[in-house]
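Engineer: sequence and predicted structure, then a few things I'm wondering about:
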Amino acid sequence: MDEKKLAIIATKGSLDWAYPPFILASTAAALGYETQIFFTFYGLVLLKKKLNLQVTSLGNPAMPMPLPVPVIMQTMPGMQAMMSTMMKAKMKKKGVASVEELRDLCLEAEVKMVACEMTVQLFDFNKSDFIDGIEYAGATTFFDFAGDADVSLYI
């Protein structure tokens with residue numbers, strides 16, 4: 001039987017959206033799946049050496065808050081930074097691995113991470129800003145893999 005394949009497209013670059021592709025990819029790799037993540041548009045920042053990921057409750061009414069905060073107050077300057085700090089502290093307290101740790105785990109597990117070449121050019125990113133061990137390719141290259149995948153996810 002052929003090795004199972006997991007293809008993930010990562011399109012989001014916020015703290016809360018950084019976890020799913022790395023958790024799912026590392027889990028799949030541990031289960032023996034050949035795994036590939038294609039990072040495009042805002043998801044591409046997840047491959048940067050220096051991460052400054054933020055989270056916001058705006059547009060996310062499901063975000064658990066210790067106290068109810070009216071939406072108008074959530075728009076105030078500094079609220080996103082405060083909520084990001086609170087979320088990172090909560091994750092650390094609960095023993096949740098950091099995004100950097102999960103990303104390193106994926107690299108160790110031979111998850112292929114592909115940066116969208118078009119997005120790199122579109123946003124004038126410098127390849128030296130990105131971590132080592134990744135590849136640069138277009139969507140057609142990703143489809144060569146995803147077309148044969150057993151599971152394909154868009155995150």
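Structural biologist: The structure has been received and is ready for your questions. None of these values were measured; they are calculated from a predicted model.

Engineer: show the contacting residues for the nearest residue to Val99 once chain neighbours are set aside.
Structural biologist: Closest residue to Val99 apart from its sequence neighbours, by Cβ to Cβ, 6 or more residues apart in numbering: Ala18 at 4.6 Å. C-beta: built from backbone N, CA, C; applies to glycine. Residues near Ala18 by Cβ atoms under 8 Å, 6 or more residues apart in numbering: 12, 46, 51, 53, 99.

Engineer: export the helix or strand harbouring Ala18 to PDB, keeping only CA atoms.
Structural biologist: Assigned by DSSP states H and E, Ala18 falls within helix 15-30. Output of helix 15-30 as PDB, limited to C-alpha atoms (Å, rounded to 0.1, in the frame of the first residue of the first chain):
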ATOM      1  CA  LEU A  15      -1.600  33.500  16.000                       C
ATOM      2  CA  ASP A  16      -4.800  31.500  16.300                       C
ATOM      3  CA  TRP A  17      -4.600  30.400  12.600                       C
ATOM      4  CA  ALA A  18      -0.900  29.500  12.800                       C
ATOM      5  CA  TYR A  19      -1.600  26.400  15.000                       C
ATOM      6  CA  PRO A  20      -3.900  24.200  12.800                       C
ATOM      7  CA  PRO A  21      -1.500  23.700   9.800                       C
ATOM      8  CA  PHE A  22       1.500  22.900  12.100                       C
ATOM      9  CA  ILE A  23      -0.500  20.600  14.500                       C
ATOM     10  CA  LEU A  24      -2.200  18.700  11.700                       C
ATOM     11  CA  ALA A  25       1.000  18.400   9.600                       C
ATOM     12  CA  SER A  26       3.100  17.200  12.500                       C
ATOM     13  CA  THR A  27       0.400  14.700  13.600                       C
ATOM     14  CA  ALA A  28       0.000  13.400  10.100                       C
ATOM     15  CA  ALA A  29       3.800  13.000   9.700                       C
ATOM     16  CA  ALA A  30       3.900  11.100  13.000                       C
END
